[in-house]
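Student: return a 3D structure for these sequence lines:
(chains A and B)
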Amino acid sequence: DAAVTQKPRYLIKMKGQEAEMKCIPEKGHTAVFWYQQKQSKELKFLIYFQNQQPLDQIDMVKERFSAVCPSSSLCSLGIRTCEAEDSALYLCSSSQWEGRDSDYTFGSGTRLLVI
Amino acid sequence: GEQVEQRPPHLSVREGDSAFITCTYTDPNSYYFFWYKQEPGASLQLLMKVFSSTEINEGQGFTVLLNKKDKRLSLNLTAAHPGDSAAYFCAVGLIDRGSALGRLHFGAGTQLIVIP
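Tutor: Prediction:
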């Protein structure tokens, strides 16, 4: 399927609660990326998996998030203890190296609101 | 690491006028270049991808220019219409470890308003 699926579309959590969102990458794609976007501003890179292994992540993810890809068809991003500043759109993207035909596919995102 | 600067952050044009957005990047090994459109509350919609070997690319109602010497990528919306009102993001990608696509480095975005 030529699509990245993200669930849920919307997520509301209280401060201190745990949050989890899932991403099903495009079939055949081996790289998965997570980005955070606040208020339609710039996209902030969070973490990158290649063949289910995390290859790069920012310090904030190491400290407060949990991210795994238990299979080639499922990845998840979790926040252990939600804070107000975590309210954002979380976008998952997948890609596959195909030379000039390489591309990135983005999901519709999970919009998290922490109250 | 790669730094991508996008200008202007906000742009208002009248319907029928051109809208010009530019990004500069720092890594000479940058290989893939993208322009995305994002409407309010929505995800990213790919407008065009450009490879390092191509300099001028034309799409439906817009032109993308890549100047490798100046490390500059630009998007020119010709004859803008109200439906073009959205946020626009440039993104730059590098090849990771020789055989994969690495993360994208995004510009900060341009909020475009097309006034009828």
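
Student: make it CA atoms for all contacts and neighbour counts henceforth
Tutor: OK.

Student: for stretch A:12-23, output the C-alpha coordinates as CSV.
Tutor: Coordinates of each C-alpha in stretch A:12-23 appear next as CSV, following Å, rounded to 0.1, in the frame of the first residue of the first chain:
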residue,chain,number,x,y,z
ILE,A,12,-5.7,13.9,24.6
LYS,A,13,-3.7,13.3,27.8
MET,A,14,-3.4,14.8,31.2
LYS,A,15,0.0,16.0,32.4
GLY,A,16,1.9,13.1,33.8
GLN,A,17,0.1,10.5,31.8
GLU,A,18,1.7,8.2,29.3
ALA,A,19,1.0,8.5,25.6
GLU,A,20,1.5,6.2,22.7
MET,A,21,1.1,6.6,19.0
LYS,A,22,1.6,4.1,16.2
CYS,A,23,2.9,4.2,12.6
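
Student: please see if that stretch touches chain B.
Tutor: No: if you take C-alpha under 8 Å from any C-alpha of the partner chain as the test, stretch A:12-23 misses chain B, and the best it gets is 14.0 Å.

Student: do stretch A:97-104 as well
Tutor: Yes: contact between stretch A:97-104 and chain B, assessed by C-alpha under 8 Å from any C-alpha, occurs at A:97, A:100, A:102.

Student: check stretch A:107-115 too.
Tutor: Yes: using C-alpha under 8 Å from any C-alpha, we find that stretch A:107-115 touches chain B at A:107, A:108, A:109.

Student: list the contacts for the second one?
Tutor: Right, the one you point to is residue A:108. Residue A:108 sits next to A:4, A:5, A:6, A:9, A:91, B:42, B:43, B:44 when contact means C-alpha atoms under 8 Å, 6 or more residues apart in numbering or on different chains.

Student: one more time with 6 Å, if that's ok
Tutor: residue B:43 (C-alpha atoms under 6 Å, 6 or more residues apart in numbering or on different chains).

Student: which of the helices or strands spans it?
Tutor: Under the criterion DSSP states H and E, no helix or strand holds residue A:108.

Student: related to what we said a few turns ago, okay, the residues of stretch A:97-104 next to chain B in CSV with secondary structure, neighbour count and pLDDT next?
Tutor: As requested, those are exported to CSV (DSSP: H, G, I helix; E, B strand; the rest coil; neighbours: other C-alpha atoms under 10 Å in any protein chain shown; pLDDT from 0 to 100):
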residue, secondary structure, neighbour count, pLDDT
A:97, coil, 19, 81
A:100, helix, 12, 75
A:102, coil, 13, 79
